[in-house]
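1. Predicted model, plus sequence, below.
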Amino acid sequence: MIATWGDINAFSALCEVAGLTVPPTIVEAQRLREVAIGHAAEPPAKFLGIGDDELRDWLDRVTIRRLSSGFEPALAPFDALILLEVQREIGPELEALIEQMRGRFDEVAKPFVAAVRKHGFTARTTSDEMIRRGDTAAITAWRGTETFYRQIQPIAAVRQQLSRVFAVSPTAAEQGVYNDDAVDYSVCFAEGDGWSDNGSFYLSHHIGGNLDWFALAAGGLRLNSPDDVRRKIRARAQANTEGTD
């Protein structure tokens with residue numbers, strides 16, 4: 001599946017929200033499309049006073065568009081070809097983007113994982129329960145989980161959209177589902193084997209909803225690249241095959 005401009009622009013916006021550098025291939029593709037769109041034969045604000053070459057250029061563009069039945073027929077093949085180029089060439093830049101995110105991910109995840117393992121927090125833990133415990137250290141750690149959620153969400157959103165937009169692991173085909181809405185992305189954030197492809201690491205086991213970060217943290221958190229994810233999926237498939245022999 002080739003990404004659309006809507007996909008590309010939305011992914012770019014997510015990167016900016018997360019404070020990440022947008023991959024250069026995307027930046028260049030967006031710039032070229034702006035040039036293409038800006039090449040439409042809009043008349044100058046005022047003809048009197050424009051240069052001879054500017055007038056000739058405008059007349060050439062008007063002629064071309066009338067011969068080609070408008071601007072859209074010329075833009076369509078450009079869109080198709082440049083989006084295909086982006087899909088083919090962006091791989092190394094996606095790996096670099098993962099590396100750019102990983103340091104921040106680790107910084108946010110480390111105290112959260114430590115708190116979950118030390119105090120036994122789960123998605124069912126409540127503030128009232130923490131108050132009844134009367135454990136000052138546990139209460140402080142529990143309050144820190146709110147910071148984790150606030151900081152991890154932009155990173156997680158970019159990682160999930162990275163797979164959806166550019167068709168890299170995990171994909172619907174790898175998990176044997178029909179579309180991206182049914183893909184389980186827990187494998188993107190699992191350090192070990194504590195991940196699923198059936199929604200087990202989502203709240204209420206609902207794929208497409210919120211990940212159960214507490215359950216994931218129990219097994220360790222790591223931001224996995226598409227290559228990392230591919231290896232995890234293959235290793236589990238091989239283990240399952242050997243287990244049935």
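-> Arrived safely, thanks for sending. Numbering: from 1, shown residues only.
2. What's the separation between Ala109 and Ala167?
-> Taking Cβ to Cβ, to the nearest Å as the measure, Ala109 and Ala167 are separated by 26 Å. All C-beta spots, glycine's among them, are computed from the backbone N, C-alpha and C.
3. Between the two, which has more neighbouring residues?
-> Between Ala109 and Ala167, counted using other Cβ atoms under 10 Å, Ala109 has the larger neighbour count: 24 against 15.
4. Kindly confirm my reading that the more buried one forms part of a helix.
-> Yes. Counting by DSSP: H, G, I helix; E, B strand; the rest coil, Ala109 is located in a helix.
5. Which residues are in contact with the closest residue to it other than its chain neighbours?
-> In space, and not counting its chain neighbours, Ala109 is closest to Leu221: 4.1 Å by Cβ to Cβ, 6 or more residues apart in numbering. Contact analysis of Leu221 by Cβ atoms under 8 Å, 6 or more residues apart in numbering lists Phe105, Ala109, Phe112, Val113, Phe189, Ala190, Glu191, Trp213.
6. how much space between Leu221 and Arg104?
-> As defined by Cβ to Cβ, Leu221 lies at a distance of 12 Å from Arg104.
7. what does stretch 14-25 rub up against?
-> Against stretch 14-25 from outside (Cβ under 8 Å, 6+ apart): 12, 86, 89-90, 93-94, 96-97, 100-101, 154-155, 157-158, 161.
8. Break this protein down into its domains, please.
-> 24-89, 96-244 (automatic domain parsing).
9. Quickly note the distance from Ile82 to Glu16.
-> Taking Cβ to Cβ, one finds Ile82 at 21 Å from Glu16.
10. which one of those two has more residues nearby?
-> Between Ile82 and Glu16, counted using other Cβ under 10 Å, Ile82 has the larger neighbour count: 19 against 13.
11. which residue sits closest to that one, ignoring its sequence neighbours?
-> Distance criterion Cβ to Cβ, 6+ apart; nearest residue to Ile82, sequence neighbours excluded, is Ala29 at 5.5 Å.
12. show me the contacts for Ala137.
-> The contact partners of Ala137, by Cβ under 8 Å, 6+ apart, come to His119.
13. and it, that one's in a helix?
-> Yes. Assessed with three-state DSSP, Ala137 lies in a helix.
14. what's the following helix or strand after the helix or strand where Leu216 lies?
-> If you go by DSSP states H and E, Leu216 is part of helix 213-218. Counting by DSSP H and E, the next helix or strand C-terminal to helix 213-218 is helix 226-244.
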